Structure formats: structure tokens, C-alpha cells
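**Q** Provide a 3D model corresponding to the input given below.
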Amino acid sequence: MMQLSLGSCSSLPYFLEKTTFKGRVFMTHATKAIDKLRLSDYVKVSKVSVEDMLYDEQDILRSMDKIEVIDFHQTLEVNGIRFWCYTAGHVLGAAMFMVDIAGVRVLYTGDYSREEDHHLRAAEIPQFSPDICIIESTYGVQLHQPRNVREKCFTDVIHSTISQGGHVLIPAFALGRAQELFLILDEYWSNHPELHNIPIYYASPLAKRVDCRDNYLKCGSLIRKMRVIPGYVVEVTLAKTIINEPKEVTLMNGLTAPLNMQVHYISFSAHADFAQTSTFLKELMPPNIILVHGEANEMGRLKQKLITYREIPKIVVESEEATKTEEENNKKAEKVVHALLVSLFGDVKFGENGKLVISVYGNVAHLDKQSGNVESENEGLKERVRVVFQRIPNDVKPIPLSVS
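**A** Next comes the predicted model:
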């Protein structure tokens with residue numbers, strides 16, 4: 001299983017519990033940890049009758065027991081087929097799998113991103129070329145703006161709207177892009193004291209409250225005066241329509257309504273663009289390429305450009321990370337780990353001696369971030385916090401490649 005999004009794994013409980021499939025399923029530790037939360041949330045918010053549900057909470061729990069975990073760069077073998085995985089960027093736990101069948105190596109990227117962001121490092125480049133590369137083509141030949149440009153535009157339009165007494169609505173995926181946007185806003189708010197009394201509301205029953213700054217992050221809803229769309233939008237959807245800022249929009253019930261807001265499309269999508277895809281393939285030089293996960297027209301344009309793009313220039317991305325001190329990097333990593341723990345456990349606060357206090361349904365665990373030691377009267381919570389804390393750094397800090 002490549003990663004935790006509903007598009008990638010929402011049918012897994014049905015597949016494991018309602019069909020005759022008897023094979024084995026592998027996920028990275030982070031994907032399995034978050035997958036249960038996402039699937040349970042999917043069942044709760046699905047607006048269908050019990051009879052029409054593909055699976056229920058018990059099916060999810062039973063399917064979790066059948067899922068095996070794999071570490072990045074760990075080689076496993078099943079029925080003579082060897083496989084291992086690399087970090088893919090995109091979301092926490094996302095992996096690219098290399099599969100070796102009788103000496104033929106196939107790399108399946110799944111959703112990936114070669115751009116490091118505030119809470120995840122970039123996808124790795126395997127140390128050898130596969131015979132076949134199955135690669136996503138979501139953005140086709142499109143190019144993303146540089147990250148620093150996007151972040152400045154994002155914070156500028158928000159600050160400008162707030163300064164004029166307005167409100168901003170930002171629809172984002174509850175796990176992944178939401179944490180990334182919170183970290184951007186947290187840093188910006190920290191550098192602008194005039195915004196410290198402005199609350200940021202996070203309305204998500206799945207990820208609960210992400211407390212980057214307790215004094216101004218709360219749960220709730222917003223009055224819509226300006227909307228920022230921060231990710232990929234599909235054709236013929238309302239999101240795609242309002243990007244062009246029409247005077248009226250047609251709602252799902254067929255009625256029309258005036259669009260009384262400004263709309264800004266500033267993509268923080270964690271999918272590779274053409275620059276990332278072409279550079280990735282140039283480094284790997286696979287003799288066979290299969291394009292997947294894209295609209296037909298975009299995949300067609302990407303195919304033609306890859307065929308005719310004989311001289312691919314070296315892509316140099318100016319990174320502010322290179323100039324950061326070790327202390328700044330450590331602070332960033334600590335903030336990211338805290339945000340991810342909150343996404344998983346909900347109630348995470350700072351306690352005495354720098355320890356984190358994690359509360360889940362009345363049970364409390366105390367986590368020492370330096371040693372990784374966990375204290376709790378509940379052994380189940382204690383073990384879960386310990387394992388999660390050990391695994392999270394693998395997704396936010398570099399891992400040395402093992403020699404194959």
C-alpha cells in the first residue's frame with residue numbers, strides 16, 4: 001500500500017474482509033497508524049444507509065490485524081518476489097516500492113514529490129535504475145511556482161484580507177496539507193505580533209485541533225469573504241469553477257448562488273510537476289516508462305514532451321534550508337513532530353521538564369522527547385506512543401540508504 005489517502009486505500013477493508021483475497025498487505029508504520037483514523041472517519045461521515053455501506057468499524061479493525069508493516073529500505077521476500085520501499089514525500093508514510101521479480105526490477109512511485117516542505121523531506125532517488133518505472137502524471141507538463149513564491153503569495157493575501165477586516169476560508173485535506181499550511185502560518189504569525197490576537201480556526205473532526213500556538217488556534221468555522229484553494233482541483237468540480245471567479249455558481253441542489261468572495265488558487269499540492277518528473281526520470285534512466293494517475297489529455301502531453309525533450313536542463317531549486325543553522329533545523333523538526341503527534345492523538349500539551357502530556361479518552365502518557373521514554377499507567381497507550389514517536393522521525397529526517 002503506497003500511502004494513506006482515501007483514493008489509495010479506502011477499499012482496503014472491503015478487499016480484505018468481503019472478498020476471497022488471501023494474500024498479504026504491507027504498509028509503512030506511519031501509513032498504518034494514520035490509515036485506521038482516516039478509514040474510521042470515512043465510515044462516520046459517509047451519508048449512506050447501513051445496508052449500503054461497503055464495510056463498518058469492525059471490518060476496519062479486523063483488516064488492521066491483517067496488515068503487516070515494512071520499514072523504509074527493508075527488503076522482504078514473498079513467494080520469490082523481493083521488494084523494498086523508499087520515502088516518496090507527498091504525505092507522512094508515503095512510499096515508492098521497488099519490486100524485483102526474477103531479476104526484473106519495477107519501480108512504482110505512487111503519489112510522490114521531489115520538493116521538501118515544512119514537515120516532509122523530498123522523495124528519494126533509488127541508487128540504481130529500474131527496468132520499468134510506473135510513475136504518476138497528475139500535473140502532466142505543468143510547472144509549480146517556486147515554494148518561496150507560493151508561500152509569500154499565500155501569507156500576503158491572508159494578511160491583506162485580515163487587515164481589511166475580512167475572513168479567509170482554506171479548504172484542505174485534514175492530514176498532510178493542513179499540517180503544512182499550519183506550519184507556514186505558525187511561522188508567519190510568530191514573525192508578525194500584530195496578528196497574535198487573530199484566531200485561526202481548524203474545523204476538522206478527523207485531525208481535531210492542531211495546536212501550533214495554543215493562544216490562537218481553536219476549532220470552529222469561518223465567515224467566508226476570501227477563499228484560498230491550496231491544492232489540486234479536478235475538472236467539472238465547484239472548486240474548478242470558482243477559480244475563475246464567476247458572479248454566480250450552481251450548487252449541488254441545482255440552485256444558483258452569488259459568489260460573494262475573492263478566490264485565490266495557490267497550489268501546495270504534494271504531487272510532482274513536470275520539472276520534478278523529468279529530472280527524476282533523467283536520473284533514473286529507466287528503459288520503460290508507464291504513466292498513471294493523470295487525466296488522459298495531461299498524460300498524452302506528458303508522453304510527447306518526455307519523448308521530444310532530449311536535453312533536460314538541470315533543475316536548481318534555491319533552498320533556504322541550506323542556510324539554516326543546526327539549531328534552527330532542530331527547532332523545525334521538533335515543531336513538526338509535535339504537530340504530527342497532535343494529528344494522531346489529538347490532545348498533546350507541554351508538561352514539566354519539557355515532556356509532552358498526551359491524553360486519550362482519559363488515559364494519560366508522558367513522553368520524554370530527548371530519550372523517547374514513555375510513562376503511562378495504560379500499557380496500550382504507552383506502547384502506542386513509544387512506537388509512533390520512534391517512527392515519526394523517519395519521515396521528517398534523512399535516512400541513509402542501505403546497500404543492496
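**Q** was I right about A123 contacting A95?
**A** No. Using CB atoms under 8 Å, A123 makes no contact with A95, being 9.5 Å away. (Glycine included, C-beta is placed from N, CA and C.)
**Q** what do the two both touch?
**A** 86-88 (CB atoms under 8 Å, 6 or more residues apart in numbering).
**Q** Between these, which sits nearest H293?
**A** Checking the shared contacts of A123 and A95 against H293 by CB to CB gives A88 as the nearest, at 12.5 Å.
**Q** so what pLDDT did F389 get?
**A** Looking at F389, its pLDDT stands at 79.
**Q** That one is in contact with L367, isn't it?
**A** Yes. Between F389 and L367 a contact is recorded at 6.1 Å, counting by CB under 8 Å.
**Q** Please say which of the two ends up with more neighbours.
**A** L367 (25 against 22; other CB atoms under 10 Å).
**Q** Leaving out the residues flanking it, which one is nearest to that one?
**A** Using CB to CB, 6 or more residues apart in numbering and skipping residues adjacent in sequence, the residue nearest L367 is L356, 4.4 Å away.
**Q** Report the beta-bridge partners for that neighbour.
**A** F350, L367 (DSSP bridges).
**Q** what do F389 and L367 both touch?
**A** With CB under 8 Å, 6+ apart as the test, F389 and L367 both reach 341, 374.
**Q** Flag the shaky bits of the stretch 151-300 of the chain, pLDDT-wise.
**A** The model of the stretch 151-300 of the chain has pLDDT under 70 over residues 174-175, 204-227, 230-236, 252.
**Q** Please, where are all the strands along it?
**A** 168-169, 200-201, 217-218, 226-229, 248-250, 256-258, 262-265, 288-292 (DSSP state E, counting those that start in this stretch).
**Q** which one of those lies closest to L16?
**A** strand 288-292 (23.1 Å).
**Q** can you pull the buried residues of the closest one?
**A** 289, 291 (16 or more other CB atoms under 10 Å).
**Q** partners of that strand in the sheet?
**A** strand 132-136 (parallel).
**Q** The stretch 301-404 of the chain: strands as residue ranges?
**A** Taking DSSP E, counting those that start in this stretch as the test, the strands found in the stretch 301-404 of the chain are 347-350, 356-360, 363-367, 374-376.
**Q** Same list (the ones you listed) but as TSV, adding distance to R38 and mean pLDDT.
**A** Listed next are the strands of the stretch 301-404 of the chain as TSV, based on distance: least, CB to CB, whole Å; pLDDT from 0 to 100:
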stretch	distance to R38	mean pLDDT
strand 347-350	19	84
strand 356-360	17	88
strand 363-367	22	89
strand 374-376	24	91
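**Q** Including distance to V43, could those go into TSV?
**A** Shown next, in TSV, are the strands of the stretch 301-404 of the chain (distance: least, CB to CB, whole Å):
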stretch	distance to V43
strand 347-350	22
strand 356-360	20
strand 363-367	23
strand 374-376	28
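**Q** hmm, back to that, for the shared contacts of A123 and A95, which one is nearest K282?
**A** Taking the shared contacts of A123 and A95 together and measuring to K282 by CB to CB, the closest member is Y86, at 17.4 Å.
**Q** I'd guessed the closest one sits against A95; true?
**A** Yes. With contacts counted by CB under 8 Å, Y86 reaches A95, the gap being 6.7 Å.
**Q** Common neighbours of those two, please.
**A** F72.
**Q** what about the two, which has more around it?
**A** Taking other CB under 10 Å, Y86 and A95 do not tie; A95 has more neighbours (28 against 21).
**Q** and the nearest residue to the more buried one once chain neighbours are set aside, how many residues sit next to it?
**A** Counting by CB to CB, 6+ apart, A95 lies nearest to C85, which is 3.9 Å off, once chain neighbours are set aside. Around C85 sit 25 other residues, with neighbours defined as other CB under 10 Å.
**Q** Checking C85 next. Helix, strand or coil?
**A** strand (DSSP: H, G, I helix; E, B strand; the rest coil).
**Q** That one and V99 touch, don't they?
**A** No. Shown here, C85 and V99 do not form a contact pair, counting by CB under 8 Å, at 9.8 Å.
**Q** Need the pLDDT of the residue nearest the centre of the chain.
**A** Ranked by distance to the mean C-alpha position of the chain (CA atoms, centre = their mean), the top residue is V91 at 2.6 Å. The model reports V91 with a pLDDT of 85.
**Q** show me what contacts the closest residue to it other than its chain neighbours?
**A** Residue nearest to V91 in three dimensions, not counting chain neighbours: G176, with 4.1 Å by CB to CB, 6+ apart. G176 makes contacts with 5, 90-92, 270, as judged by CB under 8 Å, 6+ apart.
**Q** List just the nearest of the residues you listed to S63.
**A** Using CB to CB, S5 comes nearest to S63 of these, at 16.6 Å.
**Q** Ok, which of the strands of the stretch 301-404 of the chain comes nearest C9?
**A** strand 356-360 (23.4 Å).
**Q** Around the nearest residue to T250 once chain neighbours are set aside, how many other residues sit close by?
**A** Counting by CB to CB, 6+ apart, T256 is the residue found nearest to T250 once chain neighbours are left out, at 5.5 Å. Other residues within reach of T256, judged by other CB under 10 Å, total 11.
**Q** Pairing partners for the residue nearest to A95 in the sheet, please.
**A** F97.
**Q** residues touching it, list them.
**A** Residues in contact with C85 (CB under 8 Å, 6+ apart) are 28, 70, 72-74, 95-98.
**Q** Setting aside sequence neighbours, what's the nearest residue to Q276?
**A** Computed as CB to CB, 6+ apart, the closest residue to Q276 that is not its neighbour in sequence is R114, at 4.1 Å.
**Q** From T28, how far off is that neighbour?
**A** 18 Å (CB to CB, to the nearest Å).
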